[in-house]
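*Asks:* Following is a predicted model, sequence given first.
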Amino acid sequence: MLDTTRNIAVCLSPALLHLHDVKNSIVVVIDIFRASSSMCYGLANGAESIIPVAEVSTCAIYKDHGYLLAAERNGEIVDGFDFGNSPFSYTREKVAGRTIVLTTTNGTKAIHLSREAKRVVIGSFLNLTALCNWLDQQEENVLLVCAGWKDNFNLEDTAYAGAITENLGDKYQKADDASIMAENLYKTVKEDLSGFLAQSAHSQRLKKLNIQRDIDFCLQIDTLQTIPILQGDRLVELKD
């Protein structure tokens, strides 16, 4: 009899991705503050696609080709680019009908390292329930990849991985201790998620840049139905 058990696992940092079964999983890339939230918001606001690139130099190659260029490093916009990864740069007025080339400190790196997965999708609190409903329909193993901060563990991505794990419940077998830990973390803090994550190192970095409103925006739950999915070299809105 075939084993039809679906597994869910959590990769706490891109540096640990080589330890996971990427090729036989749907990968959810998570970068809550702020890349994955902005990707979801941008496509929901009519962006044609988002091309994630790993390096600033690669992003610059697309200059003068009609694309919007977005580059962020250490929480700040890189000089010479249109914008960074604040969700408020991805409004309908700015991005509708456009393709955005994006590089970020953590999120776009995690996407590139996950490219061999069966599918790569993007998760945020903004699309939490829509994404979980879709994952539940796929009958595939799920690997939740936390972008972290420069290969280090972070609280916000792990808490979101726990939110997915809790939402999917006993439909999936937790395949590692990281998934158990993430779920327990989320269950413990979900009643005051913003208060808990205010302690996080990246939240503190963003506050020093006077962008508290970005943090608040990224912690909204279920404001979007849009799921970005990687097709070729670009993220587009999932249609199936």
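*Replies:* Yes, it's here. Numbers count the residues shown, from 1 in each chain.
*Asks:* for this protein, what helix or strand is lowest in average pLDDT?
*Replies:* helix 201-208 (a mean of 78; mean pLDDT, DSSP states H and E).
*Asks:* Centre of the chain to it, how far?
*Replies:* 18 Å (C-alpha atoms, centre = their mean, to the nearest Å).
*Asks:* Now do Arg115 against Lys23, distance only.
*Replies:* 10 Å (C-beta to C-beta, to the nearest Å). To be clear about C-beta, it is placed using only N, CA and C from the backbone, and glycine gets the same treatment.
*Asks:* Now do the contacts for Thr165.
*Replies:* Neighbouring residues of Thr165 by C-beta atoms under 8 Å, 6 or more residues apart in numbering: Ile8, Val10, Leu144, Tyr172, Lys174, Ser179, Ala182, Glu183, Tyr186.
*Asks:* cool, and Ile122?
*Replies:* Val28, Val29, Ser36, Met39, Cys40, Ile111, Ile227, Pro228, Ile229, Leu235.
*Asks:* gap between the fourth one and Val120?
*Replies:* Which is Met39. Distance from Met39 to Val120, by C-beta to C-beta: 11 Å.
*Asks:* what do you get for Ser194?
*Replies:* 28 Å.
*Asks:* And the two? Which one has more around it.
*Replies:* Neighbours were counted for Ser194 and for Val120 using other C-beta atoms under 10 Å; Val120 has more, 25 against 13.
*Asks:* Make sure the more buried one is actually in contact with Leu113.
*Replies:* No: judged on C-beta atoms under 8 Å, Val120 makes no contact with Leu113 at a distance of 10.0 Å.
*Asks:* one step back: make TSV from the contacts of Thr165 and add pLDDT and neighbour count to it.
*Replies:* As requested, the contacts of Thr165 are exported to TSV (pLDDT from 0 to 100; neighbours: other C-beta atoms under 10 Å):
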residue	pLDDT	neighbour count
Ile8	98	25
Val10	98	29
Leu144	98	29
Tyr172	95	19
Lys174	97	18
Ser179	98	24
Ala182	98	28
Glu183	98	23
Tyr186	98	21
